[in-house]
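>>> Compute the structure for the input listed below.
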Amino acid sequence: MRSSRLVSILLLLQARRRMTARELAAELEVSLRTVYRDVEALATAGIPVYAEHGRAGGYQLVDGYRTRLTGLTEQEAASLFMVGLPGPAADLGLGREAASAELKLLAALGPEQRVRAARLRDRFHLDIPTWYRDPEDSPYLGAIAEAVLHDRRIEVVYRRWAEPREVERTLDPYGLVLKGGAWYVVAANGSGARVYRVSNILHLRPTGEVFARPDGFDLAGHWQQHLDEFESSRFTGTAVVRVSPALVPRLLDLSDRALHRAVTDRGTPDADGWTRVEISIESIGNAARQLIRYGTDVEVIAPPALRAELSTTARALLDMYADQQRPADLR
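Numbering: from 1, shown residues only. Got it, this is the predicted structure:
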């Protein structure tokens, strides 16, 4: 137990450069007296740790001292956060390093820990892409990851939804995010940070210029803010629908969690067993495309524009197939 704590103190000081005895005690959940004894033991063992007094003081290691307890190379250490994610690691060009780091970590464990780690590795698997979608082709992902790691400015040709579809952008890439099997880069384009889909980058040219990363930039926090803003701007209206009793129990199987949640949480069954519920919609066209797949199992009550759109689509389908003859073997 104590040896593990000594290693933890050493790695904490190496990672954070300076920590007070009180901070170490809180991190390790031990008393101040224990911290004092452990630091003294490290010094006795030849570890160059010393105390700097004063308000900004604390324990720290002699400048330049780095432990090689793990035997990991710099690239392997950088790939540790990708261990267990071989697909994304390979996408970022860290597949070989992640595999090597995993082997070294297993070798550093005791026999019982090694068995447990191997069991976890063999019995849990993370598959990133969603169902019914092939992984996205992102040929510039490796170059973007390199630019992110070294704060290098890039020039890209980007395909977007609005006209003009293809635009040129000069980006300062702050970080990469993997969401539902798709990679996104958070980058600044002369102002605040925005989110760009990596697969929509048609061309990339490294500029060789170094940009200044904003102090305290929080990638996870910015991404969550982006998700919140996207969700709030995504829905522009509501619709009232009736859902048949035959469809309600099948909604989860059809992967329509939003409609299922609305029916379950806010739905009101009528005398015929149909459930009436109000749902959020992005647009009339989008809602029509989403709901028409349910055929007569969903009836739109309002708004009238959505009813009209569904009626127009249904009539177009009838016209398309009205002159089709049944095959001879089905007559």
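
>>> CA atoms for contacts and neighbours, from now on please.
Will do.

>>> which residues in this protein form strands?
18-19, 49-52, 58-61, 152-159, 166-179, 182-188, 193-197, 201-210, 237-243, 268-269, 275-281, 298-302 (DSSP state E).

>>> For residue 253, find the nearest of those strands.
Evaluated with Cα to Cα, the strands of the chain place strand 237-243 nearest to residue 253, the distance being 15.3 Å.

>>> And the closest one, what does it pack against?
strand 275-281, strand 298-302 (3 or more Cα pairs under 8 Å, 6 or more residues apart in numbering; DSSP states H and E).

>>> how about these in CSV, adding distance to residue 27?
Shown next, in CSV, are the helices and strands packed on strand 237-243 (distance: least, Cα to Cα, whole Å):
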stretch, distance to residue 27
strand 275-281, 46
strand 298-302, 56
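
>>> So for residue 9, which of those strands sits nearest?
Of all those, it is strand 275-281 that lies closest to residue 9, at 52.2 Å by Cα to Cα.

>>> any idea of the mean pLDDT in stretch 312-321?
Mean pLDDT, stretch 312-321: 90.

>>> Using a markdown table, lay out the helices and strands packed on strand 237-243 together with mean pLDDT.
Supplementary listing: the helices and strands packed on strand 237-243 in a markdown table, determined by pLDDT from 0 to 100:
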| stretch | mean pLDDT |
| --- | --- |
| strand 275-281 | 90 |
| strand 298-302 | 94 |
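
>>> follow-up on the earlier one: distance to residue 311 and mean neighbour count for the strands of the chain - can I get that in CSV?
Converted to CSV, the strands of the chain look like this (distance: least, Cα to Cα, whole Å; neighbours: other Cα atoms under 10 Å):
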stretch, distance to residue 311, mean neighbour count
strand 18-19, 69, 20
strand 49-52, 77, 16
strand 58-61, 73, 19
strand 152-159, 34, 20
strand 166-179, 35, 19
strand 182-188, 35, 20
strand 193-197, 35, 18
strand 201-210, 39, 14
strand 237-243, 15, 18
strand 268-269, 25, 14
strand 275-281, 18, 19
strand 298-302, 10, 18
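
>>> Please report how far residue 13 lies from residue 225.
Using Cα to Cα, to the nearest Å, residue 13 is found at 33 Å from residue 225.

>>> residues contacting the closest residue to residue 18 other than its chain neighbours?
Ranked by Cα to Cα, 6 or more residues apart in numbering and with sequence neighbours excluded, the top spatial neighbour of residue 18 is residue 60, at 4.6 Å. Contacts for residue 60 were tallied using Cα atoms under 8 Å, 6 or more residues apart in numbering; they are 13, 14, 17, 18, 19, 49, 50, 51, 52.
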